[in-house]
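> next comes the sequence, and after it the predicted model I'd like to discuss.
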Number of protein chains: 2
Amino acid sequence: MLNERDLAAHQDCESCPIRHRAVCARCETNELERLEEIKYYRKFEAGQTVIWSGDRMEFVGSVVSGIATLTQTMEDGRRQMVGLLLPSDFVGRPGRGTAAYDVVATTDLVMCCFRKTPFEDMMQKTPHIAQRLLEMTLDELDAAREWMLVLGRKTAREKIASLLSIIARRDATLNQRGTEGPLAFDLPLTREAMADYLGLTLETVSRQISALKRDGVIVLQGKRHVTVPDMSLLLEEAGDDADGGVFA
Amino acid sequence: MLNERDLAAHQDCESCPIRHRAVCARCETNELERLEEIKYYRKFEAGQTVIWSGDRMEFVGSVVSGIATLTQTMEDGRRQMVGLLLPSDFVGRPGRGTAAYDVVATTDLVMCCFRKTPFEDMMQKTPHIAQRLLEMTLDELDAAREWMLVLGRKTAREKIASLLSIIARRDATLNQRGTEGPLAFDLPLTREAMADYLGLTLETVSRQISALKRDGVIVLQGKRHVTVPDMSLLLEEAGDDADGGVFA
DNA sequence: CGTTACGTTGACTCAAGTCAATTCAGGTGG
DNA sequence: CCACCTGAATTGACTTGAGTCAACGTAACG
């Protein structure tokens, strides 16, 4: 995790941990130099709100480390998470003045921010950025549609299994591990956040996690650390076509 | 609706009904000329499948007239619609070889198609196309996220009201009518398709439509023609913040 | 004027929600 | 070091909204 000194210092793009996955992934060295001029880092603590829905959007940016959530709230308080922001994910929408969703840090969070107008200017002149952003947006759209199937048609147990397999997959790719043999990871979300993600109540989340544990699909150490002895079993519970789909 | 002769003729982009809303919206005259060279029209009948999920994608394109649906299906047959394609909407994903979803024509459909490789080449060289596609993709992502809230958190009645208000809005903008006073439109979807969109069963859809009719929120002429005497009432039923949000 | 596909309605069931009582884990401070 | 506190998580008892199964309408079409 970066400390205050690191933040003050003008962090070098070349050594950035998300260099090859973020909006800037396709940029040449000289393009990076221009980005360096308009970028700055911001740190948020776990639980802090990064952007409020409806507020003016002063900046766009990339998640460097930590996890944030995108959520939508109805007047009566019902909430639905509509995105999970992980390192390298992009926040904000060029060409729009106000934020459409709440962005909340669920862990300590470091963001690489660009003031909105300079970034938009640069996007005009730098096709590499726009190209990468298009690619990332298309991926997010696919993820959102995948999630629509989960929300609309899956049972509570399948929803939980789906979420766990997504996190497991993410964790495996991030840590360059294969998907053979047992996988272990920490849940980055509270039961309530999982409920918001899955369109369930936190009680149902809790019950279904207990049920998966009872049935040996997962093993828990404490409340947050999960071990998956057999990934294909979990995928089957998720209702995705066995080990065929995502992991293939 | 276009007839066979129109299809055979090389339809002129300048007089195209979706000229200013589709991927080509931002193109200059000379860019349009280049697009004309690689485009061709295809017609599909109501009920026909345009693309099967998993198939090689030979082309991308725009809906010129008619309506199509994007759906995802689980092995056991559960289905979730993940997109509703209306005139000017874009079909296909540049940079991907196989289709991720089924595309089905729900009405007679005319599409303006581009063979995939030439289109991708052109995208590289024509920032206007990529820019417009990014904008459209961001809009679709917003729509998908809006829909996640509907799927995850709304009741059956609210879901139906939400769908009706979306269709009413679309219809009003398409026909350049205001949103004051009573609105009337035809449902472009069967009860089953609505159920697939909303994550419900067709019985529940039917019951909730009957309930909204009984309560005077909507008036039906036949099974498909809907009149909304008071739009703000419908929006309230949808759980969106009154007339504030979408119509503002 | 049947046939067929689409739609409606009713009776019953069940998965998930609600409300409420405990339990658990991790920090804090005496 | 331990007792206490707090927020997170679990579990149970009960309720309910939507699903299931099944019968019945209705309108378009050959």
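Yep, that arrived.
> mind checking if the longest helix along chain A is in reach of DNA strand C?
Scanning chain A for the helix with the most residues, using DSSP state H, yields helix A:127-153. No - Helix A:127-153 stays clear of DNA strand C (CB under 7 Å from any atom of the strand), getting no nearer than 10.0 Å. (Glycine included, C-beta is placed from N, CA and C.)
> report the inter-axis angle for that helix versus helix B:127-153.
20 degrees (axes from the mean of the first three to the mean of the last three CA atoms, to 10 degrees).
> may I see the buried residues of whichever helix or strand comes after helix A:127-153?
Following the chain from helix A:127-153 toward its C-terminal end, the next helix or strand by DSSP states H and E is helix A:156-174. Going by neighbour count (16 or more other CB atoms under 10 Å in any protein chain shown), the buried part of helix A:156-174 is A:156-169, A:171-172.
> any part of the longest helix of chain A near chain B?
Yes - judged by CB under 8 Å from any CB of the partner chain, helix A:127-153 and chain B are in contact via A:127, A:130-131, A:133-135, A:137-138, A:140-142, A:144-149, A:151-153.
> how close does the most centrally placed residue in chain A get to DNA strand C?
Nearest to the geometric centre of chain A sits A:L85, at 2.5 Å (CA atoms, centre = their mean). Using CB to the nearest atom of the strand, to the nearest Å, A:L85 is found at 24 Å from DNA strand C.
> quick check: that residue touching A:I67?
Yes - A:L85 is in contact with A:I67 according to CB atoms under 8 Å; the separation is 6.7 Å.
> near DNA strand D, which residues of chain A are found?
Contact residues, chain A versus DNA strand D (CB under 7 Å from any atom of the strand): A:190-192, A:202-203, A:205-207, A:209-210, A:220, A:223-224.
> among those residues, which are in helices?
A:R191, A:E192, A:L202, A:E203, A:V205, A:S206, A:R207, A:I209, A:S210.
> the first one contacts A:L202, doesn't it?
Yes - with contact defined as CB under 8 Å, A:R191 reaches A:L202; the gap is 4.5 Å.
> among these two, which residue is more densely surrounded?
Ranked by neighbour count (other CB atoms under 10 Å in any protein chain shown), A:R191 and A:L202 place A:R191 first, with 17 against 14.
> ok, that one - contacts?
A:L202, A:V205, A:S206, A:I209 (CB atoms under 8 Å, 6 or more residues apart in numbering or on different chains).
> give me the low-pLDDT residue ranges for chain A?
A:1-10, A:179, A:242-248 (pLDDT under 70).
> now do the strands in it.
Here chain A has its strands, by DSSP state E, at A:39-44, A:49-51, A:59-65, A:68-73, A:79-85, A:90-91, A:102-105, A:109-115, A:183-186, A:219-221, A:225-228.
> TSV please, covering those strands and showing distance to chain B.
Shown next, in TSV, are the strands of chain A (distance: least, CB to the nearest CB, whole Å):
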stretch	distance to chain B
strand A:39-44	21
strand A:49-51	15
strand A:59-65	12
strand A:68-73	5
strand A:79-85	4
strand A:90-91	11
strand A:102-105	12
strand A:109-115	17
strand A:183-186	24
strand A:219-221	25
strand A:225-228	22
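> nearest to A:P17, of those?
Closest to A:P17 of these, according to CB to CB: strand A:59-65, at 6.8 Å.
> elements contacting that closest one?
The helices and strands touching strand A:59-65, judged by 3 or more CB pairs under 8 Å, 6 or more residues apart in numbering or on different chains; DSSP states H and E, are strand A:90-91, strand A:109-115, helix A:116-125.
> make CSV from those and add mean neighbour count and distance to A:K39 to it.
Shown next, in CSV, are the helices and strands packed on strand A:59-65 (neighbours: other CB atoms under 10 Å in any protein chain shown; distance: least, CB to CB, whole Å):
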stretch, mean neighbour count, distance to A:K39
strand A:90-91, 20, 13
strand A:109-115, 21, 5
helix A:116-125, 16, 9
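> walk me through the domains of chain A.
For chain A, the structural domains run A:4-149, A:155-238, going by automatic domain parsing.
> next one: the last one to chain centre, how far?
Meaning domain A:155-238. Remark: domain A:155-238 is offset 16 Å from the chain centroid, using CA atoms, centre = their mean, to the nearest Å.
> filter the residues of chain A next to DNA strand D to the buried ones?
Neighbour counting with 16+ other CB under 10 Å marks A:R191, A:V205, A:S206, A:I209 as buried within the residues of chain A next to DNA strand D.
> what does chain A have sitting close to DNA strand C?
A:T155, A:A156, A:R157, A:G199, A:L200, A:T201, A:E203, A:T204, A:G222, A:K223.
> for A:P94, give me phi and psi.
Main-chain torsions, A:P94, degrees, to the nearest 10: phi -60, psi 140.
> so what's it closest to, chain neighbours aside?
Of all residues not flanking A:P94 in the chain, A:E120 sits nearest, at 5.1 Å (CB to CB, 6 or more residues apart in numbering or on different chains).
> measure A:N175 to DNA strand C for me?
Distance, A:N175 to DNA strand C, using CB to the nearest atom of the strand: 22 Å.
> nope, A:V50 is what I meant
22 Å.
> OK, contacts around that residue?
Taking CB under 8 Å, 6+ apart as the test, what A:V50 contacts is A:F44, A:A68, A:V91, A:V103, A:V104, A:A105, A:L109, A:M111.
> cool, A:V23 as well?
A:S62, A:F90, A:I129, A:R132, A:L133, A:M136.
> gap between it and A:G92?
Here A:V23 is placed at a distance of 10 Å from A:G92 (CB to CB, to the nearest Å).
> please apply the same query to A:D55.
A:D55 is 11 Å from A:G92, by CB to CB.
> got it, and A:D139?
16 Å.
> also A:L35?
When distance is defined by CB to CB, A:L35 is 15 Å away from A:G92.
> can you tell me which two in the contacts of A:V50 are farthest apart?
So, the contacts of A:V50 by CB to CB: farthest apart are A:V104 and A:M111, at 12.6 Å.
> before we move on, back to that, more neighbours: which of A:D55 and A:G92?
A:G92 (20 against 12).
> so who does the closest residue to that one other than its chain neighbours touch?
With CB to CB, 6+ apart as the criterion, A:G92 has its nearest non-adjacent residue at 3.2 Å, and that residue is A:V60. Residues in contact with A:V60, defined by CB under 8 Å, 6+ apart, are A:F90, A:V91, A:G92, A:R93, A:P94, A:C113, A:F114, A:K116, A:F119.
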